[in-house]
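One predicted model, sequence on top.
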Amino acid sequence: MTDDKRQRKKASLMNHLTAPRPGVVANEVKKPIAVGIEEDKANGLVLSAVQLKEISFFSMNAMNSIFEGLKSREYYEQLKRDIAQDGIVNALIALPDGQLIEGHSRLQVAKELGLPTVPVRFILSTLSQDEIKRRVYLGNLNRFEIPSDMRLILFAEVYPDYFHATPQELDQSHQRQVAGEKEEIIIRPTTAKIVAKAMGLSDRQVRNEKEVFLRAKELSQGATPSAEIVSQARDLLREEKNRRREERQAEVVSPRMWRLFDAKGKELITMHLDAWPSDAPLDQLQEVIHQWTLQYVDAPQRHES
């Protein structure tokens with residue numbers, strides 16, 4: 001690539017990064033921008049336009065440290081090659097004070113490559129610590145591959161009111177009220193549908209994952225389980241379900257049978273009683289047996305006499 005083409009590509013990229021985003025006109029917020037998390041869509045998380053900021057302005061978020069050890073070297077090296085070639089295409093997300101919410105790996109790569117500035121969008125809404133944690137965790141959970149057992153533990157930290165609560169506790173929390181300064185606020189529990197959307201699973205799969213987590217928590221005597229314990233719980237539940245399935249199949253493949261023999265001991269008819277309609281009256285079955293006896297046993301005997 002010639003220097004001229006490289007400069008044009010860089011200029012095009014910078015125009016893309018610094019262009020006002022939907023809902024933002026000349027750095028002035030026109031309307032809230034929903035950015036993908038369920039609560040964001042419901043409430044409208046407000047973000048600034050893309051800006052360029054010096055790398056020294058940012059500080060790493062301690063909540064992100066748990067994810068750094070989960071990223072493979074291949075993931076990091078590929079990210080480094082992409083940024084070296086195209087720059088940072090997806091802007092970082094940060095609080096106005098520079099505390100990073102999304103983009104820790106991108107910022108680290110930018111430092112290693114010696115980039116002076118990085119694109120960033122600032123969160124203009126006021127977030128609680130729980131909301132900040134949710135955004136940090138979901139930003140990582142939806143960006144790179146994490147082993148399923150560890151992924152379940154991390155999602156349980158994002159949605160503790162769902163994964164840690166029994167069905168009875170969820171019903172109670174739905175009715176719980178908190179007295180505010182001016183009015184009472186009804187606390188509604190996080191539903192399987194909300195969690196399923198965040199995890200990219202069906203409602204049924206999320207309920208199965210919750211069953212695994214609660215079993216793992218039971219094995220851990222109420223403490224937050226490790227990935228190894230979650231794996232054990234998953235295996236135990238799988239074995240229990242397989243055993244129940246085998247028991248049901250055994251009932252099906254071993255039907256009760258009724259046999260009709262003639263006077264000489266020859267088998268005439270074999271009837272599988274499990275195949276008989278369950279709602280048919282017993283006297284109807286007895287009548288059928290009586291008619292078969294007359295036809296296959298008594299009649300031949302009368303004919304022989």
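Received it, and whenever you're ready, just let me know what you need. Since this is a predicted model, take the numbers as computed values, not measurements. Numbers count the residues shown, from 1 in each chain.

In contact with the closest residue to residue 92 other than its chain neighbours, which residues are there?
Leaving out its chain neighbours, the residue that sits closest to residue 92 by CB to CB, 6 or more residues apart in numbering is residue 103, at 3.3 Å. All C-beta spots, glycine's among them, are computed from the backbone N, C-alpha and C. Taking CB atoms under 8 Å, 6 or more residues apart in numbering as the criterion, residue 103 is in contact with 88, 90-94, 118, 120.

State the helix or strand in which residue 291 lies.
If you go by DSSP states H and E, residue 291 is part of helix 282-293.

same question for that helix, mean pLDDT?
Average pLDDT, helix 282-293: 67.

do stretch 208-228 as well
94.

what's the answer for stretch 165-183, then?
Averaging the model's pLDDT scores along stretch 165-183 yields 52.

before we move on, what about stretch 72-85?
92.

coming back round to it: for the contacts of residue 103, which one is nearest residue 47?
Among the contacts of residue 103, residue 93 lies closest to residue 47 (CB to CB), at 7.4 Å.

Secondary structure class of that closest one, three-state.
Under DSSP: H, G, I helix; E, B strand; the rest coil, the three-state class of residue 93 is strand.

Surely it touches residue 123?
Yes: using CB atoms under 8 Å, residue 93 is in contact with residue 123, at 6.6 Å.

Which neighbours do those two have in common?
Both residue 93 and residue 123 are in contact with 47, 101, where contact means CB under 8 Å, 6+ apart.

Show me the strands in the protein, by range?
For the chain, applying DSSP state E gives strands covering 24-25, 28-29, 51-54, 92-94, 100-102, 117-122, 177-179, 184-186, 257-261, 267-272.

How about residue 228: what's its closest non-neighbour residue?
residue 149 (7.8 Å).

for the chain, what spans make up the helices?
Counting by DSSP state H, one finds helices in the chain at the ranges 3-18, 38-43, 65-68, 73-86, 104-113, 129-141, 148-158, 160-163, 167-175, 192-199, 203-219, 227-253, 282-293, 299-304.

what sits against residue 79?
With CB under 8 Å, 6+ apart, residue 79 has these contacts: 105-106, 109.

now do 7 Å
For residue 79, the contact set (CB atoms under 7 Å, 6 or more residues apart in numbering) comprises 105, 109.

And it, how far from residue 58?
For residue 79, the distance to residue 58 equals 17 Å [CB to CB, to the nearest Å].

can you check residue 209 too?
Distance, residue 209 to residue 58, using CB to CB: 34 Å.

before we move on, back to that, redo the contacts of residue 103 as JSON lines? Include neighbour count, pLDDT and distance to residue 47.
Listed next are the contacts of residue 103 as JSON lines, based on neighbours: other CB atoms under 10 Å; pLDDT from 0 to 100; distance: CB to CB, whole Å:
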{"residue": "88", "neighbour count": "22", "pLDDT": "91", "distance to residue 47": "16"}
{"residue": "90", "neighbour count": "12", "pLDDT": "90", "distance to residue 47": "13"}
{"residue": "91", "neighbour count": "23", "pLDDT": "92", "distance to residue 47": "9"}
{"residue": "92", "neighbour count": "21", "pLDDT": "94", "distance to residue 47": "11"}
{"residue": "93", "neighbour count": "19", "pLDDT": "93", "distance to residue 47": "7"}
{"residue": "94", "neighbour count": "25", "pLDDT": "95", "distance to residue 47": "10"}
{"residue": "118", "neighbour count": "25", "pLDDT": "95", "distance to residue 47": "16"}
{"residue": "120", "neighbour count": "24", "pLDDT": "95", "distance to residue 47": "10"}
